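Asker: generate coordinates for the sequence data below:
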Amino acid sequence: MNPAVSLVKKTLFYAAVLVFLVMILLPFVWQFLTSIKPLSEIAAIPAKWFPSEINVQYYFNVFEKHPFARYLLNSFVVASITTALSILIGASAAYGLARLRFKGKQLLLMAILSISMFPTISTLSPLYLILKNLNLLNTYAGLIIPYITFALPLSIWLLTNFFGQLPKGFEDAAMIDGCSRAQIFFKIMLPLIKPAAFSVALLVFINSWNEYIYSLTFMTNDEMRTVPVGIALFPSNYELPWGDMAAGSVVVTVPLILLVLIFQKRIIAGLTTGGIKE
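Answerer: Predicted coordinates for the structure are as follows:
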């Protein structure tokens, strides 16, 4: 290849990557800068990118004026339990769908996937009535159950593909050694798809952590609200605290970014697990 052409291609590639990164990072950078600006500079016209002085008072306001620590705890509990149950139930169902042969299996998979395609707003009223009749409003279970309902299709669909890619020789050898199906599943198959399960778990956790509509509707008690709803309700009738909202969004986003950075090797391993061939 002509060196000049190769140089142009590399330049265009890195330029495209740079533009992509800027588009992704720009909103977060703007929120962070807003969270440390003096109040007079937040609504300044023309807008000022960098603050003239650093103001961290908004971060104190978030925890002093609102039960923000409680919001964080609620989000963590709901997202963690939803993720654990979704992976456990989803992996069991996915293993059966990947290994058992029966009529209509593909139709069943499509039906499972179609559940996740329903608009959230279309299920809001019936779910509210069901949870109200079961006295589950303003409880962790009142959020976890709906979250699992919509997290399971994604978990089952992705994990079915990963189980289907694993060589059957592992199971055959285990059966010869006298292992039951349950032992094969828990002792052999689950460890083999651990990277894939971790990637799916991270997706489920992030979706549960960021969910807004169900939490807004089912959690009317301020002590039971999750972080997205808590931040959205910061404004009052007479005040729109942009600084507090920006600081709250930074506090909520940083743990997710750190989570991805810390476990990026496992995430990449999970994304490549599907490349295993028999």
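
Asker: let me know the secondary structure of P51.
Answerer: Three-state assignment for P51 (DSSP: H, G, I helix; E, B strand; the rest coil): coil.

Asker: surely it is in contact with S35?
Answerer: No: look at P51 against S35 with C-beta atoms under 8 Å: they stay out of range, at 9.7 Å. Quick note: C-beta positions are derived from backbone N, CA and C, even for glycine.

Asker: who's more crowded, the two?
Answerer: A direct count of neighbours by other C-beta atoms under 10 Å for P51 and S35 places S35 higher, at 24 against 15.

Asker: ok, now which ones touch that one?
Answerer: Residues counted as contacts of S35 (C-beta atoms under 8 Å, 6 or more residues apart in numbering) are 58-59, 243, 246-247, 249-250.

Asker: and K105, by the same measure?
Answerer: The contact partners of K105, by C-beta under 8 Å, 6+ apart, come to L97.

Asker: could you check how far it is from N161?
Answerer: 13 Å (C-beta to C-beta, to the nearest Å).

Asker: tell me the contacts of A91?
Answerer: Contacts of A91 were listed using C-beta under 8 Å, 6+ apart, and they are 155, 159, 190, 193, 197.

Asker: recalculate using a threshold of 6 Å.
Answerer: L159 (C-beta atoms under 6 Å, 6 or more residues apart in numbering).

Asker: check which helix or strand it maps to.
Answerer: Using DSSP states H and E, A91 falls within helix 68-99.

Asker: buried set for that helix?
Answerer: Within helix 68-99, the residues that qualify as buried are 68, 70-72, 74-76, 78-79, 81-83, 85-87, 90-99, counting by 16 or more other C-beta atoms under 10 Å.

Asker: any stretches of this protein with poor pLDDT?
Answerer: In the prediction, the chain carries residues with pLDDT under 70 at positions 1-2, 5, 263-278.

Asker: ok, which stretches of it are strands?
Answerer: For the chain, strands defined by DSSP state E do not occur.

Asker: outline the domain layout of the protein.
Answerer: Following automatic domain parsing, one gets these domains for the chain: 1-55, 67-275.

Asker: before we move on, back to that, tell me how far the helix holding A91 is from the chain's mean position?
Answerer: Centroid displacement of helix 68-99 relative to its chain, using C-alpha atoms, centre = their mean, to the nearest Å, is 10 Å.

Asker: repeat that for stretch 147-158.
Answerer: With C-alpha atoms, centre = their mean as the basis, the mean position of stretch 147-158 lies at 12 Å from the chain mean.

Asker: what does it contact?
Answerer: With contact meaning C-beta under 6 Å, 6+ apart, stretch 147-158 is reached by 82, 85-86, 90, 93-94, 112-113, 115-116, 200, 204, 208.
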